[in-house]
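>>> how does the following fold in three dimensions:
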Amino acid sequence: MPSFTKKAIIESFLHLASKKPLEKITVRDVVDDCGINRNTFYYHFQDIFAVLEEICLSGTTKMKPELPLGEMLSDLFLVLIDYAARHPKAMAHIAASIGQSGAERYFAKGFDGTVFAVLERETGSADATELRTATVFLRHAFIGLFVDWINATGKIDGEKLAARIARMAQGVCDAIKQEQRTNEMLGYSQI
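Numbering: from 1, shown residues only. Model (predicted):
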């Protein structure tokens, strides 16, 4: 039952976000639209921004860490643009309200740990600082491209962009491995 209610709250939130900007949506709006009381809302979420965070985190749970990094990010991008295509006005209002930095803040929690772990697996003994830098770089690029795709309203081919993301993410892994080989060959320790 709680899972159903949580989903209903999210759907009401998205319904309202398709009609108005995020900053105009109140808890009262959501509970009225959903047909629940405020206590039920607060049982599941602290506030409206917690609903948004749940939406972002549920997107990152679709990541498949068993895949190579490029494939994983390409696959995630396709999942996210499919979701955004099903809720175009809501995603446009959310993107306009929170921008890229806000989107990164909400996605970071679910994105960074998985990407770091996959980078670590694929690059072997890379320095943790190097992996954290690459993770943040990839998050900035990934979320920036996703927000750009939302704002372009159908003018960017999502599948082609997903393929480019895969190539570029693989390039990040290759660059880290190449730097490791070069440092080992020259006898440098990790920087």
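
>>> what's the helix or strand for Tyr106?
Element membership for Tyr106, per DSSP states H and E: helix 88-123.

>>> repeat for Val79
Here Val79 is covered by helix 69-86, with elements defined by DSSP H and E.

>>> returning to that earlier point: from the contact counts, what lies against the helix holding Tyr106?
helix 2-17, helix 48-60, helix 69-86, helix 128-151, helix 158-186 (3 or more CB pairs under 8 Å, 6 or more residues apart in numbering; DSSP states H and E). Glycine gets a C-beta too; all of them are placed from N, C-alpha and C.

>>> tell me the domain ranges of this protein?
For the chain, the domain assignment from automatic domain parsing gives the residue ranges 2-47, 51-186.

>>> how far does the first one sit from the chain's center?
For domain 2-47, the distance between its averaged C-alpha position and the chain's averaged C-alpha position is 21 Å (CA atoms, centre = their mean, to the nearest Å).

>>> once you drop chain neighbours, what's closest to Cys34?
Leaving aside its sequence neighbours, Cys34 sits nearest to Ser12 (CB to CB, 6 or more residues apart in numbering; 3.9 Å).

>>> who's the closest spatial neighbour of the most centrally placed residue in the chain, skipping the chain neighbours?
The C-alpha lying nearest the average C-alpha coordinate of the chain belongs to Phe107 (CA atoms, centre = their mean; 4.2 Å). For Phe107, ignoring the flanking residues on the chain, the nearest one in space by CB to CB, 6+ apart is Cys56 at 5.0 Å.

>>> ditto for Ile81
What sits nearest to Ile81 in space, not counting adjacent residues and going by CB to CB, 6+ apart, is Gly158, at 4.2 Å.

>>> what's the answer for Ala96, then?
Distances taken as CB to CB, 6+ apart place Pro21 nearest to Ala96, at 6.6 Å, with adjacent residues excluded.

>>> any idea how far Ile48 is from that neighbour?
In this structure, Pro21 lies at 12 Å from Ile48, with CB to CB, to the nearest Å as the measure.

>>> more crowded one of those two?
More neighbours sit around Ile48 than around the other of Pro21 and Ile48, counting by other CB atoms under 10 Å; the figures are 19 against 12.
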